[in-house]
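K.L.:
How does the following fold in three dimensions:
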Amino acid sequence: MFPGGGVDMQQLLQQAQKMQQDLAAAQQELAETPVEGSAGGGLVKATVTGSGELTGLVIDPRAVDPEDTETLADLVVAAVRDANNSAQELAKTKLGPLAQGLGGGGIPGLPF
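P.N.:
Just a heads-up that it's a prediction; the model follows:
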């Protein structure tokens, strides 16, 4: 089709399809992988999926002070943020090589 050793379009399409399947599988694995974050020396622990969905929150009774709910709220936010940061690192690890295969510029909408 392309004189002089041009690109084999069928092979290129197959490679693109395989990368798309690999990316979908990695995204599914991320969605199912729990990642934990904590704050306050472990007084508050948050669990998110690798895609960032909050699935669990554990609050140690020692963190509960009825007179100071602001600190507890701050600990919850910090634990969720910590878990989400870990989830983003996991996403970079799992999806980064796939993004490199798509041209190295990352994929719009993904955190890398």
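K.L.:
Against which helices or strands is the host helix or strand of A25 packed?
P.N.:
Assigned by DSSP states H and E, A25 falls within helix 9-32. Secondary-structure packing of helix 9-32 (3 or more CB pairs under 8 Å, 6 or more residues apart in numbering; DSSP states H and E): strand 44-49, helix 69-101. To be clear about C-beta, it is placed using only N, CA and C from the backbone, and glycine gets the same treatment.
K.L.:
Give the next helix or strand downstream of it.
P.N.:
Next along from helix 9-32, by DSSP H and E: strand 34-39.
K.L.:
who does that following strand pair up with?
P.N.:
When sheet partners are counted by DSSP bridges, strand 34-39 sits next to strand 44-49 (antiparallel).
K.L.:
now the angle from the strand it pairs with to helix 69-101?
P.N.:
On the basis of axes from the mean of the first three to the mean of the last three CA atoms, to 10 degrees, strand 44-49 is oriented at 30 degrees to helix 69-101.
K.L.:
show me where pLDDT drops low in this protein?
P.N.:
1-6, 98-112 (pLDDT under 70).
K.L.:
Mind putting the helices and strands packed on helix 9-32 into JSON lines with mean neighbour count?
P.N.:
Output for the helices and strands packed on helix 9-32, formatted as JSON lines (neighbours: other CB atoms under 10 Å):
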{"stretch": "strand 44-49", "mean neighbour count": "22"}
{"stretch": "helix 69-101", "mean neighbour count": "16"}
